[in-house]
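**Student:** Sharing a sequence plus its predicted fold:
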Amino acid sequence: MMNFKIINTAGIFALASIFSACTDENHAGVLTETESGTTIASIVIDGNGSPVVSARVSLLSANHVATRMAPIKTATTDKDGKYTIDSVSAGEYALQISNTENTQSAYQTITVEENKTDLQTINVPEAKLEENASLELDLSTYDLVKGDTLCITGTLSCTGVSESDIKSGTLTIDEIPPAEFTNIILIRGSGRDTTSKHVKWDFVPGEKLEVSSEFVTVNVAEEALNAAKKLNGNKTLESMIVPVTIPTKVKNPVLIDNNGDSLAVFKAENDADSSLYFTAIPSIDAGTYKFTVTSSESVYKTSEISRVFAESKSGLSVTEGDFMNAFITDTSSNSLGISFWIEEDGSKIAESDSLFLDSKENDVTYRLRTGEKPEQLCANFYRRVSKDTTYTDSFPELGNSYCHDVLDGERHHYALYIKANHVVIAIDGKTVEDTKMKNAFIIFPGFVTGNHKLKNLTVFSLKQSAIAQSNDNGWERLQAWLNAYYTMQK
């Protein structure tokens, strides 16, 4: 029997693709001496680890739209489950794979870098086929009508709306490989516009995903709470901040849980789709949380969040007033969190662009900037000092510096949390700093951003009980929170 879950139009995680279209197969074999480019090689297995014979492998571009283009290349696995695809140029790709019965499938993304030699081989991790998932989409979610087409970007799937779909009010699609995707294309019939949508849907093997504009579902995987399991046997975390996507037609939205309690949301600024929000769930454990989306006459904001930007821009300013007016003050105002996603190559950053984030003048200030090594991003903390007691001749003196390999060209999540003079830094959910600084913050100054794109830049603060409790050994609760925070955002 299939299990069912309901999720919002963009949900919390990414949509897996729909496996449908096929094209004539290109022979994929070993490179000859006259060929050039990259060879992709791998093996396809089933749930028992046995090789899958005659599985079909399609190489797609990352922006593939099935109604407009064919797969770049295709291959078929041999008796050992192996396949190769040759002469692949540099770029971002996906591999969509299914068995001959189209009952099981897999999906992988790969990056092919520019060749330093004429030939190179990428050994892709083995693909494990799993039971297909399915989708049931409420047509009103995107105002779909007969003749419209929905395509999952980067997949083989484009599905048109039929007369029977109109009668049922839903679009049902089977044979979906369990994977994650973030974009769809809506091709409108009868001269209507073609638009792209950012989505965050998650397909699970053997399950049906119901997509509706009326609900938001937050899925908390066990892995999100691995670090929390060490906390006195209690893996529950408080005030977990998660992204949610809410239809733009919902004005002044709030979320209602199963108990009828309301959950405030905070709209991300600079969001091109105007549908990205963040909310803070009071207490989370592993499982699925379903919320009803409704409009409210009053504008609610989460008290944990000060500002969120879908993407920062040069010279973006966050003021001290933002902190003081928004943050929880059940302990004190000297608690600040800053997080973002970043993908930068430090070797390409000019010295004039060394600053990523710079706070304004105060007794104690902070900066995020490049380090001595090109791959380093450093959190620097300064103390304002003076030759006399009037501070008329003051200058900042570097007190503490924490540098980490973040600017390596890969995508990373960076989270910095300060409580008075204690600082915790997590990279991709892993704590890399947990220490006390020489000086303490009483009030946090605001900051401005440099010429770098910081995705989902979030300024937040947590209650004391979310950071550390009386029976905790140290700052393990905050470390567990940051680990879960990263897992929920990725």
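**Tutor:** Good, I have the coordinates.
**Student:** phi, psi of residue 47?
**Tutor:** Reported as degrees, to the nearest 10, the phi and psi values for residue 47 are phi -60, psi -20.
**Student:** thought it was touching residue 129?
**Tutor:** Yes: Residue 47 is in contact with residue 129 according to Cβ atoms under 8 Å; the separation is 7.3 Å. C-beta: built from backbone N, CA, C; applies to glycine.
**Student:** Settle it for me: which of the two has more neighbours?
**Tutor:** Per other Cβ atoms under 10 Å, whichever of residue 47 and residue 129 has more neighbours is residue 129, with 22 against 11.
**Student:** what's near enough to touch that one?
**Tutor:** 44-47, 52, 55, 97-99, 104-106 (Cβ atoms under 8 Å, 6 or more residues apart in numbering).
**Student:** Equivalent analysis for residue 38, please.
**Tutor:** Residue 38 neighbours (Cβ under 8 Å, 6+ apart): 87-90, 112, 115, 119-122.
**Student:** make it 6 Å
**Tutor:** 88, 112, 120, 122 (Cβ atoms under 6 Å, 6 or more residues apart in numbering).
**Student:** If it is in a bridge, with which residues?
**Tutor:** residue 88, residue 120 (DSSP bridges).
**Student:** before we move on, back to that, got the contacts of residue 38 as a markdown table, with pLDDT, neighbour count and distance to residue 321 columns?
**Tutor:** Formatted as a markdown table, those follow (pLDDT from 0 to 100; neighbours: other Cβ atoms under 10 Å; distance: Cβ to Cβ, whole Å):
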| residue | pLDDT | neighbour count | distance to residue 321 |
| --- | --- | --- | --- |
| 88 | 93 | 19 | 53 |
| 112 | 91 | 18 | 48 |
| 120 | 84 | 16 | 54 |
| 122 | 90 | 16 | 51 |
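**Student:** Redo these as a markdown table? Include distance to residue 417.
**Tutor:** Converted to a markdown table, these look like this (distance: Cβ to Cβ, whole Å):
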| residue | distance to residue 417 |
| --- | --- |
| 88 | 42 |
| 112 | 37 |
| 120 | 42 |
| 122 | 38 |
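**Student:** Please identify which of the residues you listed is nearest to residue 76.
**Tutor:** Nearest to residue 76 out of the contacts of residue 38 is residue 88 (Cβ to Cβ; 16.7 Å).
**Student:** I'd say the closest one and residue 112 touch.
**Tutor:** Yes: between residue 88 and residue 112 there is a contact under Cβ atoms under 6 Å: 5.5 Å.
**Student:** Run a quick neighbour tally on the nearest residue to residue 113 once chain neighbours are set aside.
**Tutor:** The shortest distance from residue 113 to any non-neighbouring residue, by Cβ to Cβ, 6 or more residues apart in numbering, is to residue 90 (5.8 Å). Using other Cβ under 10 Å, residue 90 has 12 other residues around it.
**Student:** just the one 10 residues further on next, same as before
**Tutor:** Burial of residue 100, expressed as a neighbour count using other Cβ under 10 Å, amounts to 12.
**Student:** Please apply the same query to residue 426.
**Tutor:** Applying other Cβ under 10 Å, we find 23 residues neighbouring residue 426.
**Student:** For it, give its distance to residue 416.
**Tutor:** 8 Å (Cβ to Cβ, to the nearest Å).
**Student:** and if you look at residue 340?
**Tutor:** Residue 340 is 9 Å from residue 416, by Cβ to Cβ.
**Student:** more neighbours, those two?
**Tutor:** residue 340 (25 against 20).
**Student:** isn't residue 444 right up against residue 323?
**Tutor:** Yes: contact criterion Cβ under 6 Å: residue 444 and residue 323 qualify, at 5.4 Å.
**Student:** neighbour count winner among these two?
**Tutor:** A direct count of neighbours by other Cβ under 10 Å for residue 444 and residue 323 places residue 444 higher, at 27 against 21.
**Student:** which ones are touching that one?
**Tutor:** Contacts of residue 444 by Cβ under 6 Å, 6+ apart are 323, 336.
**Student:** what's the answer for residue 185, then?
**Tutor:** Counting by Cβ under 6 Å, 6+ apart, residue 185 has contacts 65, 151, 153, 196.
**Student:** Tell me where the model's unsure across the stretch 251-400 of the chain.
**Tutor:** 297-300, 324-334, 386-394 (pLDDT under 70).
**Student:** what ranges do the strands span in it?
**Tutor:** Per DSSP state E, counting those that start in this stretch, the stretch 251-400 of the chain carries strands over the ranges 253-256, 262-263, 265-267, 276-284, 287-295, 305-311, 317-318, 335-345, 355-359, 364-370, 376-386, 394-405.
**Student:** name the helices or strands packed onto the fifth one?
**Tutor:** Contact here means 3 or more Cβ pairs under 6 Å, 6 or more residues apart in numbering; DSSP states H and E; on that basis strand 287-295 packs against strand 215-220, strand 253-256.
**Student:** As TSV, those with distance to residue 184 and mean neighbour count would be great.
**Tutor:** What follows is these, written out as TSV (distance: least, Cβ to Cβ, whole Å; neighbours: other Cβ atoms under 10 Å):
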stretch	distance to residue 184	mean neighbour count
strand 215-220	18	22
strand 253-256	21	21
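**Student:** With distance to residue 452 added, can I get those in JSON lines?
**Tutor:** Converted to JSON lines, the helices and strands packed on strand 287-295 look like this (distance: least, Cβ to Cβ, whole Å):
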{"stretch": "strand 215-220", "distance to residue 452": "30"}
{"stretch": "strand 253-256", "distance to residue 452": "31"}
